[in-house]
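[1] Make a model of this:
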Amino acid sequence: MDTESGTLTVFFDGSFWVGVFERTADGSLSVCKVTFGAEPKDCEVWAFILRHYDELKFSPAVKTGRKQAADNPKRRQRSIQKQLQMSGTSTKSQQALQLQREERKARKKQISREQQEQENQRRFRLKQQKRKAKHRGR
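    Presented below is the predicted three-dimensional model:
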């Protein structure tokens, strides 16, 4: 059974308003963090979702346990109130964000290493050309 759900949590993170998109599909959680800056209005958040949701870079999927939906309406209301009182992200979301940061860091490190290697090759070729030119007396 393919089930997908998503949540957006907007909270104040010290100096900026931050939105955390959580996407759950088949027991795995992916997370994306977006900084809004000033406090966004509901219409601005909705417009952001409509325009930029497909451009969001979600973290790699993290396995999660399946939660059963409560059938009791009072229990549902209580859980909704708890979620509204909670600020911040869940620990699974934090793990997914950390995994995304580490992946981005490794990718950036690989790219910078390749650029450094290319720069060293370029310098070496330039030095070789100068040596050959000097040897020929130019």
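[2] SS state for residue 60?
    Following DSSP: H, G, I helix; E, B strand; the rest coil, residue 60 is assigned to coil.
[3] Contacts for stretch 21-39 next, please.
    With contact meaning CB atoms under 8 Å, 6 or more residues apart in numbering, stretch 21-39 is reached by 2-10, 12, 16-20, 44-45, 48, 53, 56-66, 89-90, 92-93, 96-97, 100. Glycine gets a C-beta too; all of them are placed from N, C-alpha and C.
[4] Counting by contacts, list what the longest helix anywhere in the chain packs against.
    Counting by DSSP state H, the longest helix found in the chain is helix 91-135. Secondary-structure packing of helix 91-135 (3 or more CB pairs under 8 Å, 6 or more residues apart in numbering; DSSP states H and E): strand 17-25, strand 28-37, strand 62-63.
[5] tilt between that helix and strand 17-25?
    Orientation check (axes from the mean of the first three to the mean of the last three CA atoms, to 10 degrees): helix 91-135 against strand 17-25 gives 100 degrees.
[6] relative orientation of helix 91-135 and strand 28-37 in degrees?
    Interaxial angle, helix 91-135 versus strand 28-37 (the same axes, to 10 degrees): 80 degrees.
[7] thinking again about what came up before, could you point out which of the helices and strands packed on helix 91-135 sits nearest residue 122?
    Taking CB to CB, strand 28-37 is the member of those nearest to residue 122, at 37.2 Å.
[8] least trustworthy helix or strand in this protein by mean pLDDT?
    With mean pLDDT, DSSP states H and E as the measure, the helix or strand of the chain carrying the lowest mean pLDDT is strand 62-63 (a mean of 79).
[9] Tell me the spacing between the residue positioned nearest the centre of the chain and residue 38.
    Nearest to the geometric centre of the chain sits residue 32, at 4.0 Å (CA atoms, centre = their mean). Residue 32 sits 20 Å away from residue 38, taking CB to CB, to the nearest Å as the criterion.
[10] Thank you, goodbye.
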